[in-house]
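**Student:** below is the sequence, then the predicted model.
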Amino acid sequence: MDENVLHEVAAAALKLGAEAAEVAFAERQALSVTVRLGALEEVEREESRDLGVRVLIGKRQASVSGSDISKAGRDLLVERAVAMAKLAPEDPYIGLAPAERLARGPYPDLQLLDPTELSAAALEDRARDTEDAARAVAGVTNSNGGSASWSSSTWRLVTTGGFSGEHRGVTFGLSAQAIAGEGAGMEQGGEGRAMRWLEDLPTPQAIGAEAGRRAVAALGARKIESTTATVIFQNHVAGSLLGPLLGAISGPSVARGVSFLKDRLGQKLFPDAITLTDDPHRPRGLGSSPFDDEGVANKAMNLIDKGVLTTWLLNCGSARQLGLETTGHASRGLAGPPGVGATNLALGPGDQSLEQLMAGAKTGLLVTSMFGPSLNSNTGDWSVGCSGQWFENGEIAYPVNEVTVAGNLIDIYARLIAGSDLINRGASIIPSILVDDLAIAGK
């Protein structure tokens with residue numbers, strides 16, 4: 001949609017009584033193909049164009065969105081937004097981003113647009129090759145399919161505060177789900193990746209083989225007795241251990257006082273060797289953008305610097321509430337006010353491979369799958385269902401399932417050791433993570 005049309009929508013909101021307005025436009029095209037047992041199962045195509053309008057009247061705000069972007073549809077969105085804002089409760093912290101914090105062009109080239117075009121037939125071939133590779137693994141007996149996808153997205157934001165900007169990106173995806181074993185002894189394993197550039201995506205053969213290997217590796221899984229032992233979270237799931245950290249350092253959580261880290265800013269949380277970076281300008285990153293979702297200029301920063309918590313993740317509203325300045329981490333959809341979110345995370349690697357981590361620990365649990373996490377956001381008490389491999393004398397001994405790993409995240413983070421086996425999963429580059437003396441609940 002032309003930038004001038006968005007400016008017209010914002011101006012229409014001011015004419016109807018809004019004191020400030022922002023208009024967001026999102027366009028998406030997507031094509032995905034799924035193959036199962038060698039036969040085409042599903043072709044799905046998506047084309048969408050949507051508009052979002054947020055208006056502010058005094059300390060009241062409202063936002064609406066819709067897919068009717070005709071002149072009549074746009075007028076109706078504006079009318080509804082202004083009418084809703086007049087009835088909304090007051091929020092003393094709302095407002096557009098300060099003019100001095102807005103991003104100004106020209107914006108950096110973040111290499112988000114791979115020009116490669118893939119037809120439905122090409123995606124079908126890639127999906128079939130992926131599934132074939134999974135089914136070719138010895139011990140694989142069935143399949144839940146292979147999928148290949150392509151999508152293109154555009155995001156444009158205009159505000160009456162003087163901001164106008166656009167960013168676009170392309171994403172390629174590939175995944176497979178394999179089944180090993182028979183009857184009650186069947187196990188499932190999968191692998192999936194998404195990247196901005198097709199050349200950065202692992203081959204269908206690599207994705208499929210890994211899915212099959214994981215399914216076969218889980219065969220004969222045992223339940224183990226409850227114990228305390230070293231736990232290693234393998235690189236493809238290790239990012240889940242850091243998810244609660246991002247929630248705990250989000251400005252809205254801190255401002256509401258519902259974060260177990262609310263009093264820890266500037267304090268040491270991790271060992272000296274741990275640095276966690278968030279970089280919105282990483283070339284080809286799935287989370288990359290030249291500005292945040294309030295139009296604020298963003299930049300790379302160490303969230304954790306040599307073990308120390310350096311910052312909250314702030315948008316303009318939470319920054320005002322805390323008496324701070326936004327960090328450029330506003331994140332929003334078309335409807336609703338801005339929230340906060342990280343972009344591209346990278347955890348600095350250690351100097352030990354996964355094999356060396358296991359050798360040093362001698363005995364413990366290698367987690368390869370996590371599900372059903374539970375977190376007390378006020379205390380940091382955390383637990384998660386896991387399956388994986390038990391190792392002894394530094395070597396894989398047998399698969400385990402139906403176990404729960406639990407502990408307090410403040411204690412866990414203080415003992416965290418990063419491996420050297422970094423894996424790029426599009427928006428995160430995280431190695432395997434070791435934590436000693438974790439409680440493991442089994443049978």
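**Tutor:** All right, it came through fine. Note that the structure is a prediction, hence the values are computed from the model and not measured. Residues are numbered from 1 along each chain as shown.

**Student:** just the strands in the stretch 201-350 of the chain please.
**Tutor:** Using DSSP state E, counting those that start in this stretch, the strands of the stretch 201-350 of the chain run over 227-233, 276-278, 301-305, 308-309, 330-331, 339-340, 345-347.

**Student:** what strands flank the first one, and is each parallel or antiparallel?
**Tutor:** Based on DSSP bridges, the strands next to strand 227-233 in the sheet, each with its direction, are strand 364-375 (parallel), strand 433-441 (antiparallel).

**Student:** can I get the strands of the stretch 201-350 of the chain in a markdown table including distance to residue 84 and mean neighbour count?
**Tutor:** Any C-beta I mention is one placed from the backbone N, CA and C, and that applies to glycine too. Shown next, in a markdown table, are the strands of the stretch 201-350 of the chain (distance: least, Cβ to Cβ, whole Å; neighbours: other Cβ atoms under 10 Å):
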| stretch | distance to residue 84 | mean neighbour count |
| --- | --- | --- |
| strand 227-233 | 44 | 21 |
| strand 276-278 | 34 | 22 |
| strand 301-305 | 35 | 19 |
| strand 308-309 | 38 | 20 |
| strand 330-331 | 21 | 22 |
| strand 339-340 | 19 | 22 |
| strand 345-347 | 36 | 23 |
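
**Student:** of all those strands, which one is nearest residue 292?
**Tutor:** Distance to residue 292, taken as Cβ to Cβ, is lowest for strand 330-331 among the strands of the stretch 201-350 of the chain, at 4.3 Å.

**Student:** let me have the strands paired with strand 227-233 in TSV, extended by distance to residue 311.
**Tutor:** As requested, the strands paired with strand 227-233 are exported to TSV (distance: least, Cβ to Cβ, whole Å):
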stretch	distance to residue 311
strand 364-375	21
strand 433-441	21
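
**Student:** nearest to residue 275, of those strands?
**Tutor:** strand 433-441 (13.7 Å).

**Student:** re earlier: closest one to residue 100 among the strands of the stretch 201-350 of the chain?
**Tutor:** Distance to residue 100, taken as Cβ to Cβ, is lowest for strand 330-331 among those, at 15.8 Å.

**Student:** elements contacting that closest one?
**Tutor:** Where contact means 3 or more Cβ pairs under 8 Å, 6 or more residues apart in numbering; DSSP states H and E, strand 330-331 is packed against strand 339-340.

**Student:** quick one: strands adjacent to the strand it packs on?
**Tutor:** For strand 339-340, pairing defined by DSSP bridges yields strand 330-331 (antiparallel).

**Student:** which residues touch the partner strand?
**Tutor:** Contact with strand 330-331 is made by 97, 292-294, 296, 315-316, 338-341, as judged by Cβ atoms under 8 Å, 6 or more residues apart in numbering.

**Student:** likewise for stretch 424-432?
**Tutor:** 171, 193-196, 200, 232-236, 238-239, 242, 285-287, 343-347, 349-350, 354, 357, 418-423.

**Student:** re the thing from before, got the strands paired with strand 227-233 as JSON lines, with mean neighbour count, mean pLDDT and distance to residue 181 columns?
**Tutor:** Listed next are the strands paired with strand 227-233 as JSON lines, based on neighbours: other Cβ atoms under 10 Å; pLDDT from 0 to 100; distance: least, Cβ to Cβ, whole Å:
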{"stretch": "strand 364-375", "mean neighbour count": "18", "mean pLDDT": "97", "distance to residue 181": "16"}
{"stretch": "strand 433-441", "mean neighbour count": "19", "mean pLDDT": "97", "distance to residue 181": "24"}
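
**Student:** domain-wise, how is this protein divided?
**Tutor:** 3-216, 221-443 (automatic domain parsing).

**Student:** about what we covered before: can I get the buried part of the contacts of stretch 424-432 as one PyMOL selection?
**Tutor:** Buried members of the contacts of stretch 424-432, defined by 16 or more other Cβ atoms under 10 Å, are picked up in PyMOL with:
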select buried, resi 171+193+194+195+196+232+233+234+235+236+238+239+242+285+286+287+343+344+345+346+347+349+350+354+357+418+419+421+422
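
**Student:** what pairs with the helix or strand bottoming out on mean pLDDT in the chain, and is each one parallel or antiparallel?
**Tutor:** Lowest mean confidence among the helices and strands of the chain (mean pLDDT, DSSP states H and E): strand 423-424, at a mean of 94. Strand 423-424 sits in its sheet next to strand 428-430 (antiparallel), going by DSSP bridges.

**Student:** what about the strand it pairs with, average pLDDT?
**Tutor:** Mean per-residue pLDDT for strand 428-430: 97.

**Student:** distance between it and the chain's centre?
**Tutor:** 11 Å (Cα atoms, centre = their mean, to the nearest Å).

**Student:** give me the number of residues near the residue nearest to residue 49 when sequence neighbours are not counted?
**Tutor:** Counting by Cβ to Cβ, 6 or more residues apart in numbering, residue 27 is the residue found nearest to residue 49 once chain neighbours are left out, at 4.9 Å. Using other Cβ atoms under 10 Å, residue 27 has 16 other residues around it.
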